[in-house]
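# this one's sequence-less:
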């Protein structure tokens, strides 16, 4: 309220520049509508620095007598910014007429003109103008209309703050006004002003209203809360009384009052009871309020309470979970994150039960984004199991029970979670394997089966578990060999087709055949429909793994082959039964050979790929040559993969621990930090004071960084030398241009014009200026940026020549906007990366050939140059590794995501070759990032790049 408010008007036409004489002519002869347009131009010109003091008398003569309300409103804008003093410091004589007009408006019969005039008075800072206005302002406190009275209260306060000797009894005037006023808005304004002028009188009025505190209007209640919050710092002895008042206001039916009361309660005390009451209010607001923004703010306040008072929200975890009833996914995510933070060993069982109910409802729900919500619930249950060992077994059993009802993405998330649990909790491995085998009975997704087979092959360590897994695989493969079985099935279909021919379905006659839908068909078409029906029927009867392989999923077949070999190696380690072992080897080779044979025939929808074929062949060779006793094979298949996954989990835990440690360090106090006692401090710290400190402590730009951003726009031999300092803000670019007149003549009407290509828009256009001989001129231009695409700013300088019709033009060099100023490294999960990779339709593939020494060096240069983050931990394993594959991710200031996949290899005594695939939702970002990757390679003399 004590801050100064200004009115700013935007200029619509930058090229029209009128002189003072032209303004006078328009004001003298124009109608009210024309005068309105003229006054707007006058205000814009004055705001741009040309005050035009000689225009004052014309405005008094030709604008002030008008009764047009819009013109009168513009007139008060003019009084606010016009020069009111002479150069010698004395008040201009014309202002006497202005003061007289203001007095008349303060006594105007129209209440809205009075109110608007009173609002203008609050902006006046000249005591000579204010003094004659005090009597009519006092009278406005008794006006019949509340709009006038509420603005009069603010006018009384502002006059006292400008010059207290003009109105020494301002506090008494407002106190008397409060005693008789009935309008709530007027009472709120008066109390807010009284609290700033006289604390004792405001406190007395507050005490008088305690009896009817809850029944008061919400505006007055908010004013009371604001007064209590500030006065509790000055008078800590009243804190207990203020606590009781604020606690009473906590139950107000107004949501805004309840929110402010809860905030104030946490400021006044750290008592667990009071903080818990505030937390309960925030939870209630987040549940009952329909506005998503209110829910988000309430959840953020709850998180702040949790960080300051660890453990105090443990009893409210189920209440926080009730916020999940909202339909907004962002609010649900915040509520789940907060719930997981406050979950403890005492309430984790209740949390898991609640999440189970929500997961059940989400499966049968048809809401928008129900799939995303389901994945959030699965992730939350996952974290509960990892943080609390006591529920890990129940949680795995719960999620695996839902796996057949989930879509492929959610089911894959469950399998990934099961991987982590089975690694971290060895005691649960046998139980998880049995539960997973039961869950796989109705799974039809190849992706889910691949992850499940990896778990079964790595962690089936007991003889019984190995035999159960083998039996399950054998049942899901079906009868062997696959090719002969499929041929026999085809022969049966042919027999069925012949029987149908004999029954007259296709008898070769010309009589049309009626299909089940009532349409006519030829014999060939009907035969095709019948064959398709038989094929679909037999396809439904096929076992799951067999059906997936025949559908062309030979990646699953390669994983299945590895699984069979791992099971044989594990069984060989723990059992000496050679009879069963030899039978397993023979059956495994039969399965793999059957897959290889059927992959080369038309029974498979797709032909087997070379990678899968080579992998399966190598495993068959290991078994045929009886190399299962080889230590290298044992180590490669049983130890390396498990060790790599264990290291991946260890790395993720380290990152999580570092993140938690950094959060703790931000909130913790160091042993050598000084302790501040508010009671002993000489200055009172307020929120406004700390904000000013933060603004004053803003860091200055480094000189070297500024020099790097200076762009030369013209040559040294041009008549005008120009250079620009390019300053990038979050959503705009500011060009600070320095112009130097290198001639001995004055350059008249010099204008700098800018234009832009791409998603750039020029907002501020510099005005026309005159530059003297060898003179300097500094101008600024603002360009709005709407996306992270590559943009180009170009322009020219125009000034008048020797003759009136001549113009001289200097072309400026182009300024390329660096998209890296808007790209920041970001992090996402593997599932999120894969989802975005599949959704984004724009891809830019860069073929790279570089002579950089090592793969790691190339990766570091690429990450630094593109501002991307590597999502693949351990992308480089040792210096001897000659291949690198990594996923990269970054996020722009405009909410755009950029994904990249790097695949390169180091040839023996040769260059690094490979490619970088970049994907984004929009074409511009993909192309811009691709250009950046190519530019990084061109900067080195030892790198060559070609773009596909």
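Yep, it's here. In this text the structure is predicted, and so the values were computed from the model without any measurement. Numbering: from 1, shown residues only.
# CA only for contacts and neighbour counts going forward, please
Fine.
# Domain map for this protein?
352-457, 460-490+542-653, 708-817, 821-940 (the TED database).
# mean confidence score for the second one?
This predicted structure assigns domain 460-490+542-653 an average pLDDT of 86.
# mind starting the numbering at 29 from now?
I'll keep to 29 as the first residue from here, and by that count the last item is domain 488-518+570-681.
# just to revisit the earlier point, will you turn the domains of the chain into CSV that also has mean neighbour count and distance to residue 151?
What follows is the domains of the chain, written out as CSV (neighbours: other C-alpha atoms under 10 Å; distance: least, C-alpha to C-alpha, whole Å):
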stretch, mean neighbour count, distance to residue 151
domain 380-485, 18, 51
domain 488-518+570-681, 17, 59
domain 736-845, 17, 28
domain 849-968, 17, 38
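# so can I have JSON lines of these showing distance to residue 203?
Formatted as JSON lines, these follow (distance: least, C-alpha to C-alpha, whole Å):
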{"stretch": "domain 380-485", "distance to residue 203": "55"}
{"stretch": "domain 488-518+570-681", "distance to residue 203": "63"}
{"stretch": "domain 736-845", "distance to residue 203": "47"}
{"stretch": "domain 849-968", "distance to residue 203": "51"}
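# between these, which gets nearest to residue 214?
Residue 214 lies closest to domain 736-845 among the domains of the chain, at 40.7 Å (C-alpha to C-alpha).
# tell me the average confidence for the closest one?
Across domain 736-845, the average pLDDT comes to 84.
# closest to residue 46 out of the domains of the chain?
Of all the domains of the chain, domain 736-845 comes closest under C-alpha to C-alpha, at 11.6 Å.
# Quote the end-to-end distance of that closest one.
Terminal residues of domain 736-845 lie 14 Å apart, using C-alpha to C-alpha, to the nearest Å.
# Now residue 839. Nearest residue, chain neighbours left out?
The shortest distance from residue 839 to any non-neighbouring residue, by C-alpha to C-alpha, 6 or more residues apart in numbering, is to residue 824 (4.4 Å).
# So what are the sheet partners of the strand or helix carrying the one you found and their directions?
Here residue 824, judged by DSSP states H and E, is contained in strand 819-828. Using DSSP bridges, the strands paired with strand 819-828 are strand 775-785 (antiparallel), strand 835-839 (antiparallel), strand 843-845 (antiparallel).
# Could you pick out the longest helix of the protein?
For the chain, the helix with the greatest residue count under DSSP state H is helix 669-695.
# Distance from that helix to the middle of the chain?
24 Å (C-alpha atoms, centre = their mean, to the nearest Å).
# Over to stretch 240-260?
36 Å.
# What average pLDDT does it get?
Stretch 240-260 carries an average pLDDT of 88.
# rewinding a little: quick one, which of the strands paired with strand 819-828 is nearest to residue 596?
If you check each of these against residue 596 by C-alpha to C-alpha, strand 843-845 wins as the nearest, at 60.5 Å.
# How far off centre is that closest one?
How far strand 843-845 lies from its chain's middle: 26 Å, per C-alpha atoms, centre = their mean.
# Give me the sheet partners of the helix or strand that comes right after that strand and which way each runs.
Per DSSP H and E, strand 843-845 leads on to strand 851-853 as the next helix or strand towards the C-terminus. Using DSSP bridges, strand 851-853 pairs in its sheet with strand 911-920 (antiparallel).
# Strand partners (parallel or antiparallel) of the helix or strand following the strand it pairs with?
Next helix or strand after strand 911-920 toward the C-terminus (DSSP H and E): strand 925-934. Neighbouring strands of strand 925-934 in its sheet, by DSSP bridges, are strand 911-920 (antiparallel), strand 940-948 (antiparallel).
# neighbouring contacts of strand 925-934?
If you take C-alpha atoms under 8 Å, 6 or more residues apart in numbering as the criterion, strand 925-934 is touched by 861, 865, 882-883, 910-920, 940-949, 953-954.
# re earlier: list the beta-bridge partners for the residue nearest to residue 839.
Bridge pairing for residue 824 - DSSP bridges - gives residue 781, residue 839.
# Kindly report the same for the one 4 residues further on.
With beta bridges defined as DSSP bridges, residue 828 has these partners: residue 835.
# Contacts only, for it.
775, 776, 777, 778, 834, 835, 836.
# Just the buried positions in stretch 147-159, please.
For stretch 147-159, a neighbour-count test (16 or more other C-alpha atoms under 10 Å) marks 147, 148, 149, 150, 151, 152, 157, 158 as buried.
# which residues touch that stretch?
Outside stretch 147-159, the residues that touch it by C-alpha under 8 Å, 6+ apart are 32-33, 104, 108, 119, 123, 127, 179, 182-183, 186-187, 190-191, 194.
# Of the residues you listed, just say which sits nearest to residue 292.
Among these, residue 182 lies closest to residue 292 (C-alpha to C-alpha), at 25.1 Å.
# Confirm that residue 875 sits in a strand.
Yes. Under DSSP: H, G, I helix; E, B strand; the rest coil, residue 875 falls within a strand.
# still on that earlier bit, who wins for proximity to residue 440 among the strands paired with strand 925-934?
strand 911-920 (19.4 Å).
# could you give me the average pLDDT of that closest one?
88.
# Contacts made by that strand with the rest, please.
Residues from elsewhere that reach strand 911-920 (C-alpha under 8 Å, 6+ apart): 816, 850-856, 883, 895-900, 903-904, 925-934.
# for that strand, the distance to its chain's centre please.
Centre-to-centre, strand 911-920 and its host chain are 20 Å apart (C-alpha atoms, centre = their mean).
# what do you get for stretch 786-795?
Using C-alpha atoms, centre = their mean, the offset of stretch 786-795 from its chain centre is 27 Å.
# likewise stretch 934-947?
Offset of stretch 934-947 from its chain centre (C-alpha atoms, centre = their mean): 33 Å.
# measure it end to end?
For stretch 934-947, the first-to-last residue distance is 24 Å (C-alpha to C-alpha).
# Stretch 751-761 too?
Calculated as C-alpha to C-alpha, the first-to-last residue distance of stretch 751-761 is 15 Å.
# cool, stretch 426-444 as well?
End-to-end distance of stretch 426-444 (C-alpha to C-alpha): 15 Å.
# contacting residues around that stretch?
Here stretch 426-444 makes contact (C-alpha under 8 Å, 6+ apart) with 384, 391, 399, 402-403, 406-407, 463-464, 467-468, 470-471, 473, 475-476, 479-480, 859.
# Let's have the strands paired with strand 925-934 in CSV, adding distance to residue 593.
Shown next, in CSV, are the strands paired with strand 925-934 (distance: least, C-alpha to C-alpha, whole Å):
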stretch, distance to residue 593
strand 911-920, 26
strand 940-948, 32
